[in-house]
Structure formats: structure tokens, C-alpha cells
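>>> okay, predicted coordinates and the sequence, questions at the end:
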Amino acid sequence: MKVIIELGAESYLEMAVHYNHLVQGMIYNSLDSEFASFLHDRGYEGSGRMFKLFTFSRLIGKFQIDGGRIGFEPPVKLIVTSPMEQFCQSLLNGLLTKNKVELGQVVVKVESVKVEKPVVTEESIKLKLLSPVVAYSTLFRGDGSKYTCYYQPGDAEFTRIAAENLRKKYRAIYNREAPKGEVKIKPWRQPKLHVLEYKGNVIKGYSGTMVISGPRELLQVAVDAGLGSKNSMGFGCVECRK
């Protein structure tokens, strides 16, 4: 399910340029408190991994960047997607009941909320990334210390990790094994690298348009729950393009 939120403010909407955690906090604060606690502390299990099973876009609107701050001219749009009915219903109830939400220290008005249910009908689709996609491995140096290796769309390892991630999410959503079949992911054009911070941690992701093919059920998971890793931090939100 795709929730399209329009946010308004009386003046320029200004915040830190690395604002993913602010939007994530706004989403959690809009959910029913008991469900929010379950999602934050645990989530849904799939093949030994825990998933929050939601993701969100970058803020969409006219903006200017000045140093470490970004300012948006209201209104701005936010897209949140999830395959879980409980999540979407809780989010909608919270947004429509409160009418106002907080982005960090800034109070913004919920101007409108619209719901769409995109359905994947083909085994090859084009996806526009609304927030950068992340695929990574944690590796070890010779001295035993860890480091993170990020992969670019088009790399074989990117596809392997993203496809495996989709299968695990499918298991978490439906509590059964994912359908068999190869998943292929290719960038439509050269992807753009983004180096972002999330609560002090550096994360590398890529934006652009991807062509993804494979079992239709797994492509639906990408559309609903996000592509790649760290979705609930605001990465890998996509929408179908023709």
C-alpha cells in the first residue's frame, strides 16, 4: 500500500540536511503506541532476520541547501509504503486524528492523505527510486576489525543481496517460502551515489531508475516494502514507471 502525505507549514520548512531520522520519528509517533513499540523493538521475522516492512521517500518539493541545512517551500510531499495492513491503518488513523505532526522541532500540518494500491502484473518492471537504495556486506580486515562494503546497482553482488533480501521479506510478510525464479536488477541509466548520515552513521546509497525482473510476487514486495536494505531508515522506496 502507498500512502501519499502532503505536509504544510506557515513558513519555510527548515531542518538538517540529513533528515531521515526525523521523518522516521514522525512516522513512529503517528502510529498507535503499542504497535509502534512492537515495530521499533521487534518487527516481523523472515528467515532469521527482523524487518519493519515499511519505507519512505525523500521529502518531495522545492528546496534550497545552505551548508548543513535544507529548507523546503511548503507544501511538501512524503510517500510511505508498506505491505502490512495494520501498519497502513495505524498510520492513517494517526495522521488523520492528529492533523499535525512534528519533524524534529518543527510542527507541520497534515494537509491531505491519499492511499493507492499499486499492483505488479508483469515479471519485468521499471522502478524509480524515491529514496536511495542500499546494498552492503559487513566484511573483516586482516586484524579482525569490521568494515562495510557498499555495492552499486549493476554489480552482481548488489543484485544477489537485493534479491535475497526480497525473498526474506516475502517470508516475513506471508510466512511461507518465496517463489523460485531468478531476480535480475539493472540500472536504466548510470545511478547517482548519495553519501548520507543516519544518527551519526554514514550510509551510501544510489538513486536512479532500475529495471527489475523476476517472479511477480517478489517484484510486488519491492514496490510495497522497498528495495535493498535499511528500508525503515528511509532507503529503497520505489514507484513503478512506464
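Yep, that arrived.

>>> from now on I want contacts and neighbour counts done on CA atoms only, so please keep to that.
Fine.

>>> V183 against I161, yeah?
No - with contact defined as C-alpha atoms under 8 Å, V183 does not reach I161; the gap is 10.5 Å.

>>> who has more neighbours out of the two?
Counted by other C-alpha atoms under 10 Å, V183 and I161 do not tie: V183 has more neighbours, with 21 against 17.

>>> not counting sequence-adjacent ones, nearest residue to that one?
With C-alpha to C-alpha, 6 or more residues apart in numbering as the criterion, V183 has its nearest non-adjacent residue at 4.4 Å, and that residue is G214.

>>> with V119 instead?
That would be Q220: by C-alpha to C-alpha, 6+ apart, it lies 6.9 Å from V119.

>>> in the protein, which residue is most central in space?
T55 (2.9 Å; C-alpha atoms, centre = their mean).

>>> gap between it and L139?
Distance from T55 to L139, counting by C-alpha to C-alpha, to the nearest Å: 26 Å.

>>> then E116?
Counting by C-alpha to C-alpha - E116 and L139 are separated by 39 Å.

>>> which stretches in this structure count as helices?
With helices called from DSSP state H, the chain shows them at 20-30, 33-41, 85-98, 156-174, 216-225.

>>> the second one: which residues count as buried?
Across helix 33-41, burial judged by 16 or more other C-alpha atoms under 10 Å covers 36, 39.

>>> any idea how far the residue nearest to the centre of the chain lies from V223?
Taking C-alpha to C-alpha, one finds T55 at 10 Å from V223.
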